[in-house]
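1. Okay, predicted coordinates and the sequence, questions at the end:
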There are 2 protein chains.
Amino acid sequence: MEKKEDQQLQQEEEQVVNPWEVSAKDGGKIDYDKLIDKFGCQRLDQSFVDRVQRLTSRPPHVFLRRGVFFAHRDLNEILDAYERGDKFYLYTGRGPSSEALHLGHLIPFMFTKYLQDAFKVPLVIQLTDDEKCMWKNLSVEESQRLARENAKDIIACGFDISKTFIFSDFDYVGGAFYKNMVKVAKCVTYNKVVGIFGFTGEDHIGKVSFPPVQAVPSFPSSFPHLFSSKDDLRCLIPCAIDQDPYFRMTRDVAPRIGYHKPALIESLFFPALQGETGKMSASDPNSAIYVTDSAKDIKFKVNKHAFTGGQESIEKHRQYGANLEVVDIPIKYLNFFLEDDAELEHIKKEYGAGRMLTGEVKKRLIEVLTELVERHRRARAAVTDEMVDAFMAVRPLPNMFD
Amino acid sequence: MEKKEDQQLQQEEEQVVNPWEVSAKDGGKIDYDKLIDKFGCQRLDQSFVDRVQRLTSRPPHVFLRRGVFFAHRDLNEILDAYERGDKFYLYTGRGPSSEALHLGHLIPFMFTKYLQDAFKVPLVIQLTDDEKCMWKNLSVEESQRLARENAKDIIACGFDISKTFIFSDFDYVGGAFYKNMVKVAKCVTYNKVVGIFGFTGEDHIGKVSFPPVQAVPSFPSSFPHLFSSKDDLRCLIPCAIDQDPYFRMTRDVAPRIGYHKPALIESLFFPALQGETGKMSASDPNSAIYVTDSAKDIKFKVNKHAFTGGQESIEKHRQYGANLEVVDIPIKYLNFFLEDDAELEHIKKEYGAGRMLTGEVKKRLIEVLTELVERHRRARAAVTDEMVDAFMAVRPLPNMFD
């Protein structure tokens, strides 16, 4: 009975953030400070940004210096270890539920590519085709097809094949990976996963079985072809904060089965074109810019659907300026993707003061997004099936720390 | 709430039979007729025994003609298919929780060996080391060690290596097998497994995840190195009736994911030396004859611990005869292992009439068991590690239907 009340309480909370649902109360904004408190992670403050810059001798990624990756768990331990000369590895992933990725999907991969380059570390990328087969009721074959299609988009982000192993759960689960799944599962009660993930008795047991699958890439022994049993590596997971529940569970279990807790670096959600009420929806194509959108699509979507803080008439806009207190999507998106800090500041200032019109900001955003999407499209077109096979081959990575 | 009441009701029932607990009410006898009704399987009557004899052109195994294998599901369909010239395969298994097997453990394997020889069919044997790791809290390594030790006892039962694949879950789960696990898991709700297996919220999710692992060897596509996707084979599972819950679940799911329901042939429990209150207990060495027991151990255990229906004095015994209405363990055990029907009938008649004394029956039982155990010990001593590797090699079995 107590559990039931807990769940009810959870539903009555202001915002719901878990791997399957992100929603603020009454369509408002996600309160990330509250989320940090609730989840128990730490805010990633400027001292971390400075330290990463110092340790890697390169400018921090725009997502880092603009607070897109805004929260963490034990990132200090990763940086301490790195400073001592110890190695770590990166782990991220994707649930392949749709053929075309949108810009929000690219964010963790763009950032992970930066981390791999900056720290010169190996990376494992999990494609949870089993999860999507179970949650979205796709066939095994369709989930695997989507996993390979998504792998092409991921590879197009520029990962270094000598340091990167991409795997599909359907292909890879087994052996040491499965043994770790069992070790994790033994440490987590059903009541615990109900508390973390909100499962109900009418959910199928595939859902209940899945959390250990996403947990175990956090442990190097799950990849015997990559890491030797002597490698006492730590793991750093870049992800959107909705994945935190999986890794809270993983961190809880890790020391009980003799492993390091994985560290996390967590991002905000990329807002929908209609405004910042949560993640974008794959079911509404007008809510997001897809990597398959044409220049014309992008222009149409931004002009037609992007929610702004601009005033209703040019006169009012000139007088009052854009309201940047509410979510202004063109500014939000430029904050993610316009790399030039000076230009971004300039636009914000001019737009906020009414000297720059919404149409002008949108025009600049359309340029930035079109260039990004075109660049991605060209990179993806160059990814062959042979390259996918090569990234997904179960193999050692002898030069992964070079 | 309803579910909770269901569980409570289950606990208040007269007898509990599930894969982890077999107990009659108040230490009485298991009521197998009630079990058949409750589980919804069929009694295996004489017409089946006759039909098996006719189809295989050999005398039915003693376990078949004496009703040790007493219940079934869809055995008629297997026999119909066999009569038409269609193929089937056998699937049985063992949870490797202890080093030394007792006689009760050997029964399904002795019977499966007969079925393999009689029908000339392939056989898969699952060693659920993952299950025992989770339920008995053994380490992965210890579970795998026990699996290999138990494999030696199983091989010693005389299986044909050209028709037999033995696998450990920890080694084998993955690929097509894992895909089938996910397909099964998608079709079974948590409430359903609670109803079947009696899990509670405090049970770990490893337990909740396990039923699909035991389900999927029922489907030939789980073994791509053995069966091609064109092979539309049926599966027959010989097992003790406590395993029925797994396969009720499997049979419920099978047609929904495009597979045949597995057929079952199910045995009674082999009674403990102290009497027929359930299965033997691995924790009480005096409750069972182990395959590692010496002739002296066997003599001691039978003479000291075997519960009998003999009278308290020789005079009374001569006058009234043994009470064979209560469980008489020497007669029960001879019923399993004394192959000569005429001799068994003679002993029952003489013992029941008081002309044969308990000590004489025990003496004959000691001879029979000592011979059985000695024969097993010799066969097991001849099983090398190389033979275990060969039986467990993931390989095709090109002559499995010859």
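-> Here it is on my side, so go on.
2. CA atoms for contacts and neighbours, from now on please.
-> Noted.
3. what number of residues lie near A:Ala353?
-> By other CA atoms under 10 Å in any protein chain shown, 17 other residues sit near A:Ala353.
4. I figured it was touching A:Leu324, is that so?
-> No. If you go by CA atoms under 8 Å, A:Ala353 and A:Leu324 don't touch, sitting 10.1 Å apart.
5. Quick one: end-to-end length of stretch A:214-226, please.
-> The first residue of stretch A:214-226 is 18 Å away from its last residue (CA to CA, to the nearest Å).
6. With stretch A:193-213 instead?
-> Rule used - CA to CA; the end-to-end distance of stretch A:193-213 is 13 Å.
7. Kindly report the residues of the stretch 201-350 of chain A close to chain B.
-> Along the stretch 201-350 of chain A, the residues adjacent to chain B under the rule CA under 8 Å from any CA of the partner chain are A:Gly201, A:Glu202, A:Asp203, A:His204, A:Ile205, A:Gly206, A:Lys207, A:Val208, A:Ser209.
8. now do 6 Å
-> Applying CA under 6 Å from any CA of the partner chain, we find that the stretch 201-350 of chain A lies next to chain B at A:Gly201, A:Glu202, A:Asp203, A:His204, A:Ile205, A:Gly206, A:Ser209.
9. Can you turn the buried part of those into a PyMOL selection?
-> The buried subset of those, as determined by 16 or more other CA atoms under 10 Å in any protein chain shown, is captured in PyMOL by this line:
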select buried, chain A and resi 203+204+205+206+209
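10. just curious, which of the residues of the stretch 201-350 of chain A next to chain B is nearest to B:Phe177?
-> Nearest to B:Phe177, judged by CA to CA, of those is A:Gly206 at 14.5 Å.
11. Look up the closest residue to that closest one, ignoring the ones flanking it.
-> Among residues not flanking A:Gly206 along the chain, B:Ala185 sits closest, at 4.5 Å (CA to CA, 6 or more residues apart in numbering or on different chains).
12. my guess is that neighbour meets A:Ile205, correct?
-> Yes. If you go by CA atoms under 6 Å, B:Ala185 and A:Ile205 touch, sitting 5.4 Å apart.
13. Show me where chain A has its strands.
-> A:16-18, A:21-23, A:42-43, A:69-73, A:88-94, A:123-127, A:164-168, A:234-240, A:263-267 (DSSP state E).
14. Go through those strands and name the closest to A:Glu312.
-> Closest approach to A:Glu312 among the strands of chain A (CA to CA): strand A:21-23, 27.8 Å.
15. What mean pLDDT does that closest one get?
-> Per-region confidence: strand A:21-23 scores 81 on mean pLDDT.
16. Sheet-wise, list the partners of it with their directions.
-> Applying DSSP bridges, strand A:21-23 is found paired with strand A:16-18 (antiparallel).
17. Quick check: the residue sitting furthest away from the middle of chain A vs B:Met400, distance?
-> The centre of chain A is farthest from one residue, A:Glu315, which by CA atoms, centre = their mean lies 40.4 Å away. Counting by CA to CA, the separation of A:Glu315 from B:Met400 is 86 Å.
18. Tell me how chain A divides into domains.
-> A:19-273, A:295-382 (the TED database).
19. okay, now A:Val49: neighbour count?
-> A:Val49: 17 neighbours (other CA under 10 Å).
20. And A:Asn399, by the same measure?
-> Neighbours of A:Asn399 (other CA under 10 Å): 10.
21. Apart from its chain neighbours, what residue comes closest to it?
-> That would be A:Ser162: by CA to CA, 6+ apart, it lies 6.4 Å from A:Asn399.
22. Would you mind measuring from the nearest residue to A:Gln274 once chain neighbours are set aside to A:Thr200?
-> Nearest residue to A:Gln274 in three dimensions, chain neighbours excluded: A:Phe307, at 5.0 Å (CA to CA, 6+ apart). Note on A:Phe307: its distance to A:Thr200, by CA to CA, is 36 Å.
23. So these two - more neighbours on which side?
-> A:Phe307 (18 against 15).
24. Quick check: pLDDT value at the closest residue to chain B within the stretch 251-400 of chain A.
-> Of the residues in the stretch 251-400 of chain A, the one nearest chain B is A:Ile257, at a distance of 10.4 Å by CA to the nearest CA. The model reports A:Ile257 with a pLDDT of 96.
25. neighbours of A:Phe227, just the number please.
-> Neighbours around A:Phe227, by other CA under 10 Å: 17.
26. Next up, phi/psi of it, please.
-> With angles defined as degrees, to the nearest 10, A:Phe227 sits at phi -120, psi 140.
27. What residue, apart from its backbone neighbours, is nearest it spatially?
-> Distances taken as CA to CA, 6+ apart put A:Pro220 closest to A:Phe227, at 6.0 Å, once the chain neighbours are dropped.
28. Over to A:Met400?
-> Of all residues not flanking A:Met400 in the chain, A:Lys163 sits nearest, at 4.4 Å (CA to CA, 6+ apart).
29. mind checking how far that neighbour is from B:Val16?
-> 55 Å.
30. Look at these two and report which has more neighbours.
-> A:Lys163 (23 against 19).
31. so how far is A:Gln116 from the more buried one?
-> 8 Å.
32. Could you do A:Ile265 as well?
-> To A:Gln116, A:Ile265 is 14 Å away according to CA to CA.
33. Now do the longest helix seen in chain A: which elements does it pack against?
-> Longest helix in chain A, counting residues (DSSP state H): helix A:358-381. Using 3 or more CA pairs under 6 Å, 6 or more residues apart in numbering or on different chains; DSSP states H and E, no helix or strand is in contact with helix A:358-381.
34. In contact with A:Thr370: list those residues for me.
-> Under the criterion of CA atoms under 6 Å, 6 or more residues apart in numbering or on different chains, the neighbours of A:Thr370 are A:Ala295.
35. Now with 7 Å, please.
-> The contact partners of A:Thr370, by CA atoms under 7 Å, 6 or more residues apart in numbering or on different chains, come to A:Ala295, A:Ile298.
36. circling back: these two touch, right, the residue nearest to A:Met400 and A:Pro122?
-> Yes. A:Lys163 is in contact with A:Pro122 according to CA atoms under 7 Å; the separation is 4.5 Å.
37. Find the residue ranges of chain A scoring beneath the pLDDT cut-off.
-> Scanning chain A for pLDDT under 70 picks out A:1-14, A:26-27, A:276-283.
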